[in-house]
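[1] Can you look at this prediction? I've put the sequence above it.
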Amino acid sequence: MLVAQSGGNRSQSRRSNMAKRYLNTAGWLVPGAILALMPKCPMCLAAYVAVWTGVGLSLPAAANLRLLLLVLCAGALLYLAARFLCRLAIAGPARGMGRLARGVATEPAVRMVAVPRQILNPPSAN
């Protein structure tokens, strides 16, 4: 008996791959955006929290919250970078580690430089 197979599994795997890509990108963007938008002074952070949530923070609490957010975001970015480098090292040359290990100078686009022949072999003065 012949049974027709549908492409349902393939579309589900594509959706799960896209979801993983979006979550991976969000994992990089959220801590980076928090670090970029973090106010430098604790009073500004207390004011932002009060405007966004209606909750008032004291200055020491805002300073501790700012420090906690900085440490958590930096830790998250370090974890993501370490995970990326481990995946790259495990994947090996098939996913680009060979290029990373050899360096950029060995790439053909960098090695091939058009140099006029007169510079390489200057005419001798007779």
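    All right, it came through fine.
[2] all helices for this protein, in order.
    Secondary structure of the chain (DSSP state H): helices at 8-37, 42-53, 59-91, 97-102, 108-111, 117-120.
[3] Show me what the second one is packed up against.
    What that stands for is helix 42-53. helix 59-91 (3 or more CB pairs under 8 Å, 6 or more residues apart in numbering; DSSP states H and E). For the C-beta atoms, the positions are set from N, CA and C on the backbone; glycine is no exception.
[4] for this protein, which spans come out with low pLDDT?
    1-10, 92-126 (pLDDT under 70).
[5] switch to 90 and redo it
    Residues of the chain that meet the criterion pLDDT under 90 lie in 1-42, 48-49, 52, 54-57, 59, 80-126.
[6] thinking again about what came up before, got the helices of the chain as JSON lines, with mean neighbour count columns?
    Formatted as JSON lines, those follow (neighbours: other CB atoms under 10 Å):
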{"stretch": "helix 8-37", "mean neighbour count": "11"}
{"stretch": "helix 42-53", "mean neighbour count": "14"}
{"stretch": "helix 59-91", "mean neighbour count": "13"}
{"stretch": "helix 97-102", "mean neighbour count": "12"}
{"stretch": "helix 108-111", "mean neighbour count": "8"}
{"stretch": "helix 117-120", "mean neighbour count": "7"}
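[7] Near residue 57, how many other residues are there?
    19 (other CB atoms under 10 Å).
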